[in-house]
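In: the following block contains a protein sequence and its predicted model.
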Amino acid sequence: MTDIARDPAATLPETTSRSLFQLAALRFRRNKAAMGGCVMLVLIALFSYLGPLFVPHSYDQVFSSYVTVAPSLEPRPDEASLKDAMQGVATRARVNLDAFDVTGQSFTATVSAEDPIDPRTTRYFDRANEFDDTKVVATEKDGRVLKVEGKVSREYFLFGTDPNGRDLLARVMLGGQISIAVGLLASLVSLGIGVLYGATSGYLGGRIDNIMMRFVEILYSLPFVFLVVVLVVFFGRSFILIFLVIGAVEWLDMARIVRGQTLALKRREFVGAAQALGLTDWQIIRRHIITNTIGPVIVFVTVVVPKVILLESFLSFLGLGVQAPLTSWGALISEGANNIQSAPWLLIFPSIFFVATLFSLNFIGDGLRDALDPKDR
């Protein structure tokens, strides 16, 4: 006879409970567009911040021989351009170019003149971007003929160069650093001011809330560009001023959103329980109100960051952004727009990274909104 009396609990499979954060993270990972935006944003950040470590050119290095050069995967100069470059060097040195030959990464040249040639003439060769380590190997006809040897210096310009002869690849990387940094820092400034201001206004309510919101509306009425121009006139253009000004304007939207959330939260039971326990208003705001508005705030920050990047680009387009030789994507786009017919790559490359960053942040914001939406739980 079999024993049918068994413990029902012993046959049930073990289950693990998940927190609200784990459930939100699971929903976010299932959103393919949001995950694609995260991957794209990480790749752009790595390109901007780690890319300069692998690029031999600095953002302010000028190549006078390669002004407004088109993008290419081939090294520059090519075999056909080297002789023209050597002829230009000989003309500047006031000598005649009799022979020129390139073998691999080395060159040999024969120059002559009516009078004896100063051996220090080799400095003209080294000043050119195409040649390096030039030295005299033979002297003929009482110094009127010199045979020189040196190395051919080849450069890669994958994104081309700008009208000043600077590598566009290095400048796009620098522009990404500044645009992303301004977007994040200005968003943090708006986050800190807006959350605290909105939570305080919504929780205290009454006349204090009315006064604080009227102050916000007064600031809304001030023209943003006029405010930036006034601050730039008084303090000059600087990187710190840009994100402080943008953050000091963007906190207005954050304050209104947090205030609306606070008005709904302060009537909840846990707030009444905290008041019954004797917590002060500041303790309730800090421990219960602000912590429970994190979800909407995080979603809104992902919207603020691309908006701040757009504002910074707009200021750089007007000439109120960072000062040269520093640059940003907005400044590069402005310069590319002025040269779109003669050098379209100056506009195409920074615009690609700029648009990809904005799309990635928008996809991430949509994914966070869907993951943190209480109606989907």
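Out: Here it is on my side, so go on.

In: what's the domain layout of the protein?
Out: Taking automatic domain parsing as the criterion, the chain consists of the domains 41-52+160-376, 79-152.

In: and those domains, which is most packed in?
Out: The highest mean neighbour count among those, using mean count of other Cβ atoms under 10 Å, belongs to domain 41-52+160-376: a mean of 18. Where you see a C-beta, it was placed from the backbone N, CA and C, and this is true even at glycine.

In: so for residue 72, which of the domains of the chain sits nearest?
Out: Put simply, out of those the one that sits nearest residue 72 is domain 41-52+160-376, at 7.6 Å, with distance taken as Cβ to Cβ.

In: how far is that closest one from where the chain is centred?
Out: Mean-position distance between domain 41-52+160-376 and its chain equals 13 Å (Cα atoms, centre = their mean, to the nearest Å).

In: circling back: worst mean pLDDT among the domains of the chain?
Out: Least confident of the domains of the chain, judged by mean pLDDT, is domain 79-152 with a mean of 79.

In: quick check: phi and psi at residue 157.
Out: Summarising the backbone geometry of residue 157 under the convention degrees, to the nearest 10, its torsions are phi -130, psi 80.

In: surely it touches residue 171?
Out: No. Counting by Cβ atoms under 8 Å, residue 157 does not reach residue 171; the two are 11.4 Å apart.

In: still on that earlier bit, quick one: the domains of the chain as CSV, columns for distance to residue 58 too.
Out: What follows is these, written out as CSV (distance: least, Cβ to Cβ, whole Å):
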stretch, distance to residue 58
domain 41-52+160-376, 6
domain 79-152, 14
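
In: and those: which comes nearest residue 65?
Out: Closest of these to residue 65 is domain 79-152, at 4.1 Å (criterion: Cβ to Cβ).

In: mind checking what helix or strand follows the helix or strand that contains residue 315 in sequence?
Out: Under the criterion of DSSP states H and E, residue 315 resides in helix 294-317. The first helix or strand that comes after helix 294-317 along the chain, using DSSP H and E, is helix 329-338.

In: what helices or strands is the very next helix or strand once past that following helix leaning on?
Out: Scanning forward in sequence from helix 329-338 by DSSP H and E, the next helix or strand is helix 345-372. Applying 3 or more Cβ pairs under 8 Å, 6 or more residues apart in numbering; DSSP states H and E, we find helix 345-372 packed against helix 20-30, helix 32-49, helix 168-204, helix 294-317, helix 329-338.

In: and the angle from the longest one to helix 329-338?
Out: Regarding helix 168-204 and helix 329-338, their directions subtend 130 degrees when assessed with axes from the mean of the first three to the mean of the last three Cα atoms, to 10 degrees.

In: in this structure residue 34 contacts residue 364, no?
Out: Yes. With contacts defined as Cβ under 8 Å, residue 34 counts as touching residue 364 at a distance of 5.4 Å.

In: am I right that residue 110 sits in a strand?
Out: Yes. Assessed by DSSP: H, G, I helix; E, B strand; the rest coil, residue 110 belongs to a strand.

In: what's the spacing between it and residue 56?
Out: 31 Å (Cβ to Cβ, to the nearest Å).

In: go on, residue 39?
Out: Applying Cβ to Cβ, the value for residue 39 to residue 56 is 28 Å.

In: repeat that for residue 37.
Out: Where residue 56 is concerned, residue 37 sits at a distance of 32 Å (Cβ to Cβ).

In: check residue 341 too.
Out: As for residue 341, its distance to residue 56 is 30 Å (criterion: Cβ to Cβ).

In: including distance to residue 281, could the helices and strands packed on helix 345-372 go into a markdown table?
Out: Compiled in a markdown table, the helices and strands packed on helix 345-372 are given as follows (distance: least, Cβ to Cβ, whole Å):
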| stretch | distance to residue 281 |
| --- | --- |
| helix 20-30 | 27 |
| helix 32-49 | 37 |
| helix 168-204 | 7 |
| helix 294-317 | 20 |
| helix 329-338 | 42 |
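
In: of these, which is nearest residue 273?
Out: Of all the helices and strands packed on helix 345-372, the one in closest proximity to residue 273, counting by Cβ to Cβ, is helix 168-204 (15.2 Å).

In: that closest one packs against which elements?
Out: Under the contact criterion of 3+ Cβ pairs under 8 Å, 6+ apart, the helices and strands touching helix 168-204 comprise helix 32-49, helix 206-221, helix 239-265, helix 281-284, helix 290-292, helix 294-317, helix 329-338, helix 345-372.

In: format those helices as TSV; extra columns: distance to residue 150.
Out: Output for the helices and strands packed on helix 168-204, formatted as TSV (distance: least, Cβ to Cβ, whole Å):
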stretch	distance to residue 150
helix 32-49	35
helix 206-221	64
helix 239-265	41
helix 281-284	73
helix 290-292	67
helix 294-317	41
helix 329-338	34
helix 345-372	31
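
In: and those: which comes nearest residue 137?
Out: Evaluated over these, closeness to residue 137 peaks at helix 345-372, with 40.4 Å, by Cβ to Cβ.

In: got the phi/psi numbers for residue 73?
Out: phi -90, psi -10.

In: gap between the residue lying closest to it once chain neighbours are set aside and residue 249?
Out: Taking Cβ to Cβ, 6 or more residues apart in numbering, and ignoring the residues beside it in sequence, residue 73 has residue 158 as its nearest neighbour in space, at 6.8 Å. As defined by Cβ to Cβ, residue 158 lies at a distance of 37 Å from residue 249.

In: do the same with residue 94
Out: Spatial separation of residue 94 from residue 249 under the definition Cβ to Cβ is 60 Å.

In: cool, and residue 118?
Out: Taken as Cβ to Cβ, the span from residue 118 to residue 249 is 62 Å.

In: same check, this time on residue 366
Out: Remark: distance between residue 366 and residue 249 (Cβ to Cβ) = 24 Å.
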